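Sequence and predicted structure below; questions after.
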Amino acid sequence: MNTLKKTLRVVAALAGLALCACGGGGSSSGNQGSNPMGWDAKPAWTPAPPGSGGSGSSNNSSTPATGDNTVPVRVDTSTGNVNRLLASIKVCVPGTQGAPQCVTVDNMLVDTGSTGVRISARAIRTLAPVLLTQAGAVDDKIGSAPIAECAPFASGYTWGSVKRADITIGSKTASNIPIQVVSDGAFTTPDDCIAHGGGDLGRSLDVMGVSGILGIDNFAGDSLDALTKAVPGLYYYCPTQNSCVSTRMLASKEVTNPVSAFATDNNGMVIRLPAVPATGQASVLGQLVFGVGTQQNNALPANATVIALDKYGTFRTQYKGQVFNESAIDSGTLGYAFPDNAIPVSVNGLYTPTSTLELTATIEPNNGSSAPLQMPFSIDNANNLLASGNAAFINLGQYFSNSDDNMFLWGLPFFYGRDVYNVIGNAKAGKLVGPFVAF
């Protein structure tokens, strides 16, 4: 699920919703340029010697990682949808850890294509009114007006108040960070937010069966551009319910990647999912491991493929002679999402070839820092796959196009059978500096 970092327009059916925030000047464009944390993720362990079998960090590891930095993630039929990677989090009034000032929120969509926690107001109905309202926008001369955000995704937008909360995932807590409470009804949606197109994703979250979005991409804050200019259709301060004014933001008040705010293991994370057969699987249990190179269970393999990302979290994909400069590896998108008019498409926007297509695309950094990588992938008939009743598929594809046809999303199928590492901008993992993705 990828928030747009450039102004894009897409037409996407809900069943094939592409939830991506990559691109250039809008939301979730990353804060690596203003990151004050100065991470230096040095391992607190000595790697096991080759052949000892002690590291447990190689790709496709058959042994689940253990430690205080791991949480389970899953794909199943509980949402009534397919290829939705889910986790549970705890949301609390800052400084508290018990009822009634905390709520456990299940079915949060784990999304490497966007930044920050965005929770449907219905999922925290009793808690939302007592969360601290974020105020103090740069252009608010009085400094007391509540802040709201319109977060533009590739298939629409989320609109709602920015609040502060403690977010606990497993045993890790991000204390007193800004989050978005989606569709809370506090303020009228501005026209330039609606103009993003694609519709209000606050409603779509219900249809997808998820409670919100756990955005854990490669950046600490969700908009680089909003730090220097008031971007129409992004951040607002709202003096009244029906009056919200576009504004610049301070990095400390933007919606925040919770991983970046952990006390330890805060330079990135790893998603580990097992392989899935071509016919699909009813459910999948995997792991979200916090930190990269900070513990034995998250060591970056010596032979890992490392793809440097630009300041907007994107790289280049070449497919059938077309170049997509705003590409992302995005766990929040249910399939491989790209435009190909030669492949039949169902009414819900999913590809339905008459037989399995074995395709290849080339992945490379936009800055040319590493050699192009030929990446094979498969697309099968979505109608046949969905008829199986399974929830996890490695070969789903969806027709996806934006205004300049510049985005190729490597969705959740890319993650099956891989360890995918995301390192946050300005953070270090050994001698490497983020933002980058590796597998």
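Arrived safely, thanks for sending. Quantities reported herein were computed from a predicted structural model and do not represent experimental measurements.

so where is the stretch 301-439 of the chain shaky, pLDDT-wise?
For the stretch 301-439 of the chain, the stretches with pLDDT under 70 are 402-405.

residue boundaries of the helices in it?
Here the stretch 301-439 of the chain has its helices, by DSSP state H, counting those that start in this stretch, at 382-387.

ok, which stretches of it are strands?
306-308, 315-319, 322-329, 336-338, 357-364, 373-379, 397-399, 409-410, 419-423, 428-429, 432-433, 436-438 (DSSP state E, counting those that start in this stretch).

Make a markdown table from the ones you listed and add mean neighbour count and distance to residue 147 to it.
Where you see a C-beta, it was placed from the backbone N, CA and C, and this is true even at glycine. Converted to a markdown table, the strands of the stretch 301-439 of the chain look like this (neighbours: other Cβ atoms under 10 Å; distance: least, Cβ to Cβ, whole Å):
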| stretch | mean neighbour count | distance to residue 147 |
| --- | --- | --- |
| strand 306-308 | 19 | 32 |
| strand 315-319 | 22 | 31 |
| strand 322-329 | 24 | 27 |
| strand 336-338 | 28 | 31 |
| strand 357-364 | 16 | 37 |
| strand 373-379 | 15 | 40 |
| strand 397-399 | 27 | 34 |
| strand 409-410 | 28 | 29 |
| strand 419-423 | 26 | 27 |
| strand 428-429 | 23 | 31 |
| strand 432-433 | 18 | 31 |
| strand 436-438 | 24 | 30 |
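
out of those strands, which comes closest to residue 116?
Ranking these by proximity to residue 116 (Cβ to Cβ) places strand 419-423 first, at 14.3 Å.

Now do the closest one: distance to the chain's middle.
Averaging C-alpha positions (Cα atoms, centre = their mean, to the nearest Å) puts strand 419-423 12 Å from its chain's average.

Give the pairing partners of that strand; include direction for each.
Note on strand 419-423: by DSSP bridges, its sheet partners are strand 268-272 (antiparallel), strand 436-438 (antiparallel).

In a markdown table, list those strands along with distance to residue 133.
Shown next, in a markdown table, are those (distance: least, Cβ to Cβ, whole Å):
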| stretch | distance to residue 133 |
| --- | --- |
| strand 268-272 | 29 |
| strand 436-438 | 34 |
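
Of the ones you listed, which is nearest residue 228?
For residue 228, the closest of the strands paired with strand 419-423 is strand 436-438, at 24.3 Å, according to Cβ to Cβ.

what angle sits between the helix or strand containing residue 162 and strand 268-272?
According to DSSP states H and E, residue 162 maps onto strand 156-169. Strand 156-169 runs at 100 degrees relative to strand 268-272, counting by axes from the mean of the first three to the mean of the last three Cα atoms, to 10 degrees.

what packs against strand 156-169?
Packing partners of strand 156-169 (3 or more Cβ pairs under 8 Å, 6 or more residues apart in numbering; DSSP states H and E): strand 86-92, strand 115-120, strand 132-133, strand 147-153, strand 172-182, helix 191-194, helix 201-208.

Figure out which of these is closest to residue 410.
Closest to residue 410 of the helices and strands packed on strand 156-169, according to Cβ to Cβ: strand 147-153, at 16.4 Å.

So for that closest one, mean pLDDT?
When pLDDT is averaged over strand 147-153, the result is 95.

Strand 115-120 and that one, what's the angle between them?
If you take the same axes, to 10 degrees, strand 147-153 sits at 100 degrees to strand 115-120.

and strand 147-153 with helix 201-208, angle?
Orientation check (the same axes, to 10 degrees): strand 147-153 against helix 201-208 gives 60 degrees.

The chain should start at 636 in everything you say after this.
Sure, I'll start numbering at 636, so the last one becomes strand 782-788.

Show me how far strand 782-788 is from its chain's centre.
With Cα atoms, centre = their mean as the basis, the mean position of strand 782-788 lies at 15 Å from the chain mean.

and that strand with strand 807-817, angle?
Using the same axes, to 10 degrees: strand 782-788 against strand 807-817 is 90 degrees.

Please name every helix or strand in contact with strand 782-788.
strand 791-804, helix 826-829, strand 870-875.

redo that, cut-off 6 Å
For strand 782-788, the elements it packs on are strand 791-804, strand 870-875, judged by 3 or more Cβ pairs under 6 Å, 6 or more residues apart in numbering; DSSP states H and E.

out of those strands, which comes closest to residue 1069?
strand 791-804 (19.6 Å).

from the middle of its chain, how far away would that closest one be?
Centroid separation for strand 791-804 versus its chain: 14 Å, with Cα atoms, centre = their mean.

okay, that strand in CSV with CA atoms only?
Only the C-alpha atoms of strand 791-804 are listed here, as CSV (Å, rounded to 0.1, in the frame of the first residue of the first chain):
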residue,chain,number,x,y,z
GLY,A,791,-7.1,7.0,-3.1
TYR,A,792,-6.5,8.9,0.2
THR,A,793,-7.0,8.6,3.9
TRP,A,794,-8.4,11.7,5.7
GLY,A,795,-8.5,12.2,9.5
SER,A,796,-7.0,13.8,12.6
VAL,A,797,-3.4,13.5,13.7
LYS,A,798,-3.2,12.3,17.3
ARG,A,799,-0.4,11.1,19.6
ALA,A,800,-0.2,7.6,21.0
ASP,A,801,2.0,4.9,22.3
ILE,A,802,2.2,2.1,19.8
THR,A,803,3.3,-1.3,21.0
ILE,A,804,4.2,-4.1,18.5
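
what's it in contact with?
Outside of strand 791-804, the residues within contact range by Cβ atoms under 6 Å, 6 or more residues apart in numbering are 706, 724-727, 729, 752-753, 766-767, 769, 782-786, 808-811, 813-819, 821, 824, 828, 831, 833-834, 836-837, 893.

Please report how far the residue nearest to residue 1036 when sequence neighbours are not counted lies from residue 953.
Residue nearest to residue 1036 in three dimensions, not counting chain neighbours: residue 974, with 4.2 Å by Cβ to Cβ, 6 or more residues apart in numbering. In this view, residue 974 and residue 953 are 14 Å apart by Cβ to Cβ, to the nearest Å.

Spit out the contact partners of residue 1047.
By Cβ under 6 Å, 6+ apart, the residues touching residue 1047 are 718, 720, 966, 969.
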